[in-house]
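Engineer: Give me coordinates for this.
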Amino acid sequence: LLTLAVAATSTTAGNLLPANSQILGVVGRVTVLIPTAATFTVGDGTTPARFATGILVAAGTTFVGLGHLDVAAPAGQMQTAAAKIVVTPNAQPAAATGRLRLTVFYKQFIAPTS
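Structural biologist: You can find the predicted model right below:
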């Protein structure tokens, strides 16, 4: 659950994008209206709209972020280092009251230890 800050971007506390993984999709739901903004994007620290863009801020809005699966997408599916999800509203929220529930689907690859 991510509460959006009164800032240009908000970042998840944990690394929801695990290292050595193939990201299959990022899905979410707006659980509390994001004030001031009209839309937002979901990405990472390098590519702001890596997963989804143009998502409405109303409570109850859901999205399935598959933008990274596009062959031309710069960041693509591979996640070599663990990273956080970054949410960027089109206008800075007036209050830190908006909330998103985010879920990441992925396949992780781990080398043998012996």
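Engineer: Burial check on Val27, number of neighbours?
Structural biologist: 18 (other Cβ atoms under 10 Å). In short, each C-beta sits where N, CA and C put it, glycine included.
Engineer: Quick check: beta-bridge partners of it?
Structural biologist: Beta-bridge pairing for Val27 (DSSP bridges): Val64, Thr103.
Engineer: residues touching it, list them.
Structural biologist: Thr62, Phe63, Val64, Gly65, Leu102, Thr103, Phe105 (Cβ atoms under 8 Å, 6 or more residues apart in numbering).
Engineer: Of those, which count as buried by neighbour count?
Structural biologist: Phe63, Gly65, Leu102 (16 or more other Cβ atoms under 10 Å).
Engineer: Would you convert those into JSON lines that also reports pLDDT and distance to Thr53?
Structural biologist: Formatted as JSON lines, those follow (pLDDT from 0 to 100; distance: Cβ to Cβ, whole Å):
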{"residue": "Phe63", "pLDDT": "98", "distance to Thr53": "10"}
{"residue": "Gly65", "pLDDT": "96", "distance to Thr53": "9"}
{"residue": "Leu102", "pLDDT": "98", "distance to Thr53": "15"}
